[in-house]
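Undergrad: no sequence on hand, only this structure:
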């Protein structure tokens, strides 16, 4: 118990309090503390955790002050609440789409419209990209991006990060929303991490309704067909439309997770899914062992080992064996004392290469 992380300690204490809640008549922290071997402040945090999860409901008419709720009931309420939030988001999105359709149906596609709005048709993906590239150079305040669906093509990643860096260098704020699932893709994960490092504010959400780009206060780019962005987009110059779309963006922004948190979870989940053989391979590579020595240690052929290393690099989303070792070192998995032991021969061979490893690591 002494080695527990603070969060784990509170969770364990919350579980203990919940499973013994049936017979409680007093939830006073000072009273409960000595009983469960915890400080009063920890008891208060545990009770607050149970209340936040919906497992305890403040009830002034009950002697103990709380009513216990079964986990399945709390889960049902939580899901119902989330469904209401999503329904409200969809309603607002439908309202905005109706306004956009009214603009398209009632007014010409190009030219100055009543109220100062202007709509330009961009009938292909290439024209959309060219339009955005040109307009991004003139942004003065902010760029809001919502990107649902699949990952951007890998060949565009370098262009995207260079454009982001240039925009941020001019003092422009970038806020970007991406779906959580693309964090499992190695090259996208690297892009999101680098964009965050450069100063972009990136978050990831479980659900995003539509692709949109909002530039400054009066320019929005929306797909003509949300289900097929290759059909082009509308560029809408209208402060009113942008404000409505910004409300949708903000709704999903506040419910999304910080990119750093999701990227760490995705990377850690990928590392934890490695097999014992894969961990052994990277541990031995990190110690400087040669391929033939590793193959002998694992009783596999050199060809089988090469395939295993290639598969491992693929799963980690890295391009080299060194990068694979760095990923696992950061996760602390190369220091795992429960990892497979090295044979005396392999340990000796690793020792002969140690100076080279230290030199490489210092760079």
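TA: Structure received. Values in this document were obtained by computation on a predicted structure and should not be read as measured data. Numbers count the residues shown, from 1 in each chain.

Undergrad: what's the next secondary structure element after the longest strand along the chain?
TA: In terms of residue count, the longest strand belonging to the chain (DSSP state E) is strand 173-179. Following strand 173-179 in sequence order, the next helix or strand is helix 186-198 (DSSP states H and E).

Undergrad: now that following helix against strand 173-179, angle please.
TA: Angle of helix 186-198 versus strand 173-179, following axes from the mean of the first three to the mean of the last three C-alpha atoms, to 10 degrees, is 150 degrees.

Undergrad: name the helices or strands packed onto helix 186-198?
TA: Here helix 186-198 touches helix 157-169, strand 173-179, strand 201-205, helix 259-272, going by 3 or more C-beta pairs under 8 Å, 6 or more residues apart in numbering; DSSP states H and E. In this view, the C-beta of every residue, glycine as well, is placed from N, C-alpha and C.

Undergrad: weakest of these in terms of mean pLDDT?
TA: Comparing mean pLDDT across those, the weakest is helix 259-272, with a mean of 57.

Undergrad: residue 229 and residue 188, how far apart?
TA: As defined by C-beta to C-beta, to the nearest Å, residue 229 lies at a distance of 17 Å from residue 188.

Undergrad: between these two, which is the more surrounded one?
TA: With neighbours defined as other C-beta atoms under 10 Å, residue 229 and residue 188 compare such that residue 188 has more, 21 against 16.

Undergrad: and the gap between the more buried one and residue 196?
TA: Separation of residue 188 from residue 196 (C-beta to C-beta) stands at 13 Å.

Undergrad: residue 318: which element?
TA: Residue 318 belongs to no helix or strand, assigned by DSSP H and E.

Undergrad: what about the residue lying closest to it once chain neighbours are set aside, neighbour count?
TA: Nearest non-adjacent residue to residue 318, counting by C-beta to C-beta, 6 or more residues apart in numbering: residue 324, 5.1 Å away. Residue 324 has 23 neighbouring residues, counting by other C-beta under 10 Å.

Undergrad: where does residue 324 sit, in terms of helix or strand?
TA: Using DSSP H and E, the element containing residue 324 is helix 321-330.

Undergrad: report the rounded mean pLDDT for that helix.
TA: Mean pLDDT, computed over helix 321-330, is 68.

Undergrad: what's the local residue count around the residue lying closest to residue 58 once chain neighbours are set aside?
TA: Nearest residue to residue 58 in three dimensions, chain neighbours excluded: residue 66, at 6.1 Å (C-beta to C-beta, 6+ apart). The local packing of residue 66 (other C-beta under 10 Å) involves 19 other residues.

Undergrad: what do you get for residue 31?
TA: Close neighbours of residue 31, defined as other C-beta under 10 Å, add up to 12.

Undergrad: any idea how far it lies from residue 50?
TA: As judged by C-beta to C-beta, residue 31 and residue 50 stand 16 Å apart.

Undergrad: any weak-confidence spans in the chain?
TA: 1-5, 22-23, 63-64, 103-116, 184, 261-276, 317, 326-363 (pLDDT under 70).

Undergrad: mind listing the strands for it?
TA: Using DSSP E, strands in the chain cover 56-58, 66-68, 118-122, 142-146, 173-179, 201-205, 212-215, 219-223, 233-237, 257-258.

Undergrad: just name the most buried of those.
TA: Highest mean neighbour count among the strands of the chain (mean count of other C-beta atoms under 10 Å): strand 212-215, with a mean of 23.

Undergrad: list the contacts for the closest residue to residue 201 other than its chain neighbours?
TA: Leaving aside its sequence neighbours, residue 201 sits nearest to residue 175 (C-beta to C-beta, 6+ apart; 4.8 Å). Residues in contact with residue 175 (C-beta atoms under 8 Å, 6 or more residues apart in numbering) are 142, 143, 144, 145, 200, 201, 202, 203, 249, 253.

Undergrad: wouldn't the fifth one be in contact with residue 172 here?
TA: No. The criterion here is C-beta atoms under 8 Å, and residue 200 misses it with residue 172 at 10.0 Å.

Undergrad: the two: who's more crowded?
TA: In this view residue 200 and residue 172 are compared by other C-beta under 10 Å, and residue 200 has more residues nearby, 22 against 19.

Undergrad: contacting residues around the more buried one?
TA: Here residue 200 is in contact with 164, 168, 174, 175, 176 (criterion: C-beta under 8 Å, 6+ apart).

Undergrad: distance to residue 222 for the residues you listed - can I get that in JSON lines?
TA: As requested, the contacts of residue 200 are exported to JSON lines (distance: C-beta to C-beta, whole Å):
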{"residue": "164", "distance to residue 222": "21"}
{"residue": "168", "distance to residue 222": "24"}
{"residue": "174", "distance to residue 222": "19"}
{"residue": "175", "distance to residue 222": "17"}
{"residue": "176", "distance to residue 222": "16"}
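
Undergrad: and which of those residues is nearest to residue 209?
TA: Nearest to residue 209 among these: residue 176, at 15.5 Å, using C-beta to C-beta.

Undergrad: the closest one contacts residue 142, correct?
TA: No. Using C-beta under 8 Å, residue 176 makes no contact with residue 142, being 11.2 Å away.
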